[in-house]
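Asks: Below is the sequence, then the predicted model.
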Amino acid sequence: LPYRMPITAEAYESVQEQLLGAVRAWKTNPLAYTSQSMLIQIYINRDKITIDDAATTCMLLSSLYQGCPVHYWAKQLGRERLEKVLDDEIVRDQYPGISVAARLAFALGLSAGKNLLNKIAKNSKYTSSRNLANRLRRSLDDEASIWTEYRTPIRSSVEIAGKIVTLDFSKIHEDKAYYEGLIGQLLVQKKTRNLAKRIDALVYGMI
């Protein structure tokens, strides 16, 4: 991936300024993806910032390549704009973004999601991405959803700030606010970031 020196949080007075700086860099060079550390800070503070379509697109594309949650940004972008962004990424066909794009196409669903998955399955140069797209396309044909893709295991125990917390994903929509807040706590711990991405998909994946 193209490299640029990361900009530390200390260079800005607020998360909003971090976001604006990231978007300025991205507009200068669309392949200048925001650093993972900055993406995490912006995601954690997502309810405290003002964000437009350009900033949302920047956050989404950067997250595709930096191993950060993507479904929240995809939901904010909306179906029509998301479809265009994913179509462009499929043409670029770069890893790991192409595999994450397949997962977002699955979340998009309906004919648009199926068409995007078909393009990946047919044209991607990466075998793993083609296999993933084929599997997710079959799941859509079987009327699967984000819930069926990410629900297992239903219960999980995780250590957060030295305490063991038991999570019951069958109740995630009954206590959405709790799980929304939990994502941030899981993101700051490297060992629990995959779980954070799973919860992001369950909470925000119905695009």
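Replies: Here it is on my side, so go on.

Asks: pLDDT below threshold where in the protein?
Replies: Across the chain, the ranges flagged by pLDDT under 70 are 1-12.

Asks: In it, which residue is most central in space?
Replies: residue 70 (1.1 Å; C-alpha atoms, centre = their mean).

Asks: now the strands for this protein?
Replies: With strands called from DSSP state E, the chain shows them at 155-160, 163-168.

Asks: residue contacts, residue 189?
Replies: residue 160 (C-beta atoms under 8 Å, 6 or more residues apart in numbering). All C-beta atoms are positioned from the backbone trio N, CA, C, and that covers glycine.

Asks: and if we set it to 6 Å?
Replies: With contact set as C-beta atoms under 6 Å, 6 or more residues apart in numbering, residue 189 has no partners.

Asks: next one: residue 142
Replies: No contacts exist for residue 142 under C-beta under 6 Å, 6+ apart.

Asks: re earlier: let me have the strands of the chain in JSON lines, adding distance to residue 23 as columns.
Replies: Converted to JSON lines, those look like this (distance: least, C-beta to C-beta, whole Å):
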{"stretch": "strand 155-160", "distance to residue 23": "31"}
{"stretch": "strand 163-168", "distance to residue 23": "33"}
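
Asks: what about residue 37, how many neighbours?
Replies: Around residue 37 there are 14 other residues, counting by other C-beta atoms under 10 Å.

Asks: try residue 115
Replies: 14.

Asks: neighbours around residue 120, how many?
Replies: Neighbours of residue 120 (other C-beta under 10 Å): 25.

Asks: so it makes contact with residue 133?
Replies: Yes - in this structure, residue 120 is within contact of residue 133 by C-beta atoms under 6 Å, at 3.8 Å.

Asks: about what we covered before: now tabulate the strands of the chain in JSON lines and tack on mean neighbour count and distance to residue 55.
Replies: Shown next, in JSON lines, are those (neighbours: other C-beta atoms under 10 Å; distance: least, C-beta to C-beta, whole Å):
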{"stretch": "strand 155-160", "mean neighbour count": "12", "distance to residue 55": "29"}
{"stretch": "strand 163-168", "mean neighbour count": "11", "distance to residue 55": "30"}
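
Asks: Those strands: which one's closest to residue 194?
Replies: Nearest to residue 194, of all the strands of the chain, is strand 155-160, at 10.8 Å by C-beta to C-beta.

Asks: which helices and strands sit right next to the closest one?
Replies: strand 163-168 (3 or more C-beta pairs under 6 Å, 6 or more residues apart in numbering; DSSP states H and E).

Asks: try it again with 8 Å
Replies: Counting contacts by 3 or more C-beta pairs under 8 Å, 6 or more residues apart in numbering; DSSP states H and E, strand 155-160 packs against strand 163-168, helix 176-187.

Asks: contacting residues for residue 180?
Replies: Counted by C-beta under 8 Å, 6+ apart, residue 180 has contacts residue 203.

Asks: Distance of it relative to residue 166?
Replies: Noted for residue 180: a distance of 18 Å to residue 166, by C-beta to C-beta, to the nearest Å.

Asks: isn't residue 46 right up against residue 69?
Replies: No - using C-beta atoms under 8 Å, residue 46 is not in contact with residue 69, being 9.8 Å away.

Asks: ok, now how distant is the closest residue to residue 77 other than its chain neighbours from residue 95?
Replies: Among residues not flanking residue 77 along the chain, residue 56 sits closest, at 5.0 Å (C-beta to C-beta, 6 or more residues apart in numbering). Computed as C-beta to C-beta, the residue 56 to residue 95 distance reads 23 Å.
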